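Undergrad: Pasted the sequence and its predicted model underneath.
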Amino acid sequence: MKKFIFPAICTFIVGTTACLSSAFTTVSGNIDFKIENNTGAEFNYCVNGGHNYISNGSTKSFSYSVGQDFYYIENSNCGKQWFEVSSDMQGKTYKVTDL
């Protein structure tokens, strides 16, 4: 009887952990990607109404939901759309000039 209880408990714990882990991944739903600034100068952009930048020669990590828009900064305002986050961006690194 004791030999049966331990494997049963282990199976329950592993199954529960895997199930919960999967649920948390699905709930967050964010796309993780990176952008490398290859422009030779600081690159300024706008997302969620806030002004941000990527320093020259650096790479910045992002985590946003599908559909999030990024914009160029024009005359101190959010201007023309730069790109929109899509699911195929997951885990990739992009250069500023490629977006």
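TA: Arrived safely, thanks for sending.
Undergrad: Could you pull up phi and psi at the closest residue to Glu36 other than its chain neighbours?
TA: With CB to CB, 6 or more residues apart in numbering as the criterion, Glu36 has its nearest non-adjacent residue at 4.4 Å, and that residue is Thr59. C-beta coordinates here come from the backbone N, C-alpha and C atoms, glycine included. Taking degrees, to the nearest 10, you get phi -120, psi 130 for the backbone angles of Thr59.
Undergrad: And the helices in the protein, which stretches?
TA: Applying DSSP state H to the chain gives helices spanning 2-28.
Undergrad: what's around the residue nearest to Glu36, how many residues?
TA: 14 (other CB atoms under 10 Å).
Undergrad: May I have the residues that are in contact with Thr93?
TA: Contact analysis of Thr93 by CB atoms under 8 Å, 6 or more residues apart in numbering lists Phe33, Lys34, Ile35, Glu36, Thr59.
Undergrad: and these, which are buried?
TA: Buried members of the contacts of Thr93, scored by 16 or more other CB atoms under 10 Å, are Phe33, Ile35, Glu36.
Undergrad: The first one and Phe70: what is the separation?
TA: Same thing as Phe33. Look at Phe33 and Phe70: by CB to CB, to the nearest Å, they are 11 Å apart.
Undergrad: got any residues that touch both of the two?
TA: Both Phe33 and Phe70 are contacted by Val85, under the criterion CB under 8 Å, 6+ apart.
Undergrad: Stretch 87-96: end-to-end distance?
TA: This stretch, stretch 87-96, spans 18 Å end to end (CA to CA, to the nearest Å).
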